[in-house]
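*Asks:* Have a look at this prediction, sequence included:
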Amino acid sequence: SMLDINLFREEKGGDPEVVRASMRKRFGNLDLVDRVIELDQVWRNKRYDLDQLNKAFNKLNKEIALKRKAKEDAAELQEKSKALKKDIANADEAEKAAADARDKALIPVGNLVHDSVPVFNDEENNEIVKTWGTPRTDAKYNHVDLVNLLGIVDLDAGQAVAGGRG
């Protein structure tokens, strides 16, 4: 799952530096965090533009309703309303595209690394927290060895029928 976008928003109580620190522990690309913040700001601007158009549309429709109630001509305002409706549709598409771009940029940013996780660039130094059962010391076989040992498949005949691959 993706991180909450509010982790990237300082004004919403988030702290992008926490996300950056986590990315450093993963040896990840810190530019991803900055890209999310940048695209989130683009989305917020598009969202603001859309909200302003919706406010203007609602205000205009109230004016049209008042004119109609007073039996006055509202044709000019109705034309403005139609134009505003097209602007709203375009702004809505732009807002959705900005949200999609931001969400796509959010995907590669990994979950926050817990403080107890050792920080190394490979798995050699991982701590074994818990084991279950006793490890096997006898020989381990892969599936090809097992079918040969059990004699349940004639691999040579299968290879002759199907043709060799090597």
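*Replies:* Thanks, I have it.
*Asks:* CA only for contacts and neighbour counts going forward, please
*Replies:* Will do.
*Asks:* what number of residues lie near Phe129?
*Replies:* Actually, residue 129 is Val rather than Phe. Residues lying near Val129 (other CA atoms under 10 Å) number 5.
*Asks:* how much space between it and Val113?
*Replies:* According to CA to CA, to the nearest Å, Val129 stands 16 Å off from Val113.
*Asks:* what does Leu149 give?
*Replies:* 45 Å.
*Asks:* which of those two has more neighbours?
*Replies:* Val113 (17 against 11).
*Asks:* Setting aside sequence neighbours, what's the nearest residue to the more buried one?
*Replies:* Take Val113 and drop its neighbours on the chain: the residue closest to it by CA to CA, 6 or more residues apart in numbering is Ser22, 5.4 Å away.
*Asks:* Secondary structure element holding the one you found?
*Replies:* helix 16-25 (DSSP states H and E).
*Asks:* What residues sit buried inside that helix?
*Replies:* For helix 16-25, burial by neighbour count (16 or more other CA atoms under 10 Å) applies to Pro16, Val19, Arg20, Ser22, Met23, Lys25.
*Asks:* just curious, which of the residues you listed is nearest to Asp49?
*Replies:* Here the nearest of those to Asp49, counting by CA to CA, is Pro16; it sits at 25.3 Å.
*Asks:* Hmm, Arg9 and that closest one touching each other?
*Replies:* Yes. Contact criterion CA atoms under 8 Å: Pro16 and Arg9 qualify, at 7.0 Å.
*Asks:* Farthest from the middle of this protein: give me that residue.
*Replies:* Taking CA atoms, centre = their mean as the measure, the residue most remote from the mean C-alpha position of the chain is Lys71, 52.0 Å away.
*Asks:* could you pull out the helices for this protein?
*Replies:* Using DSSP state H, the helices of the chain run over 16-25, 31-69, 75-106, 143-150, 155-162.
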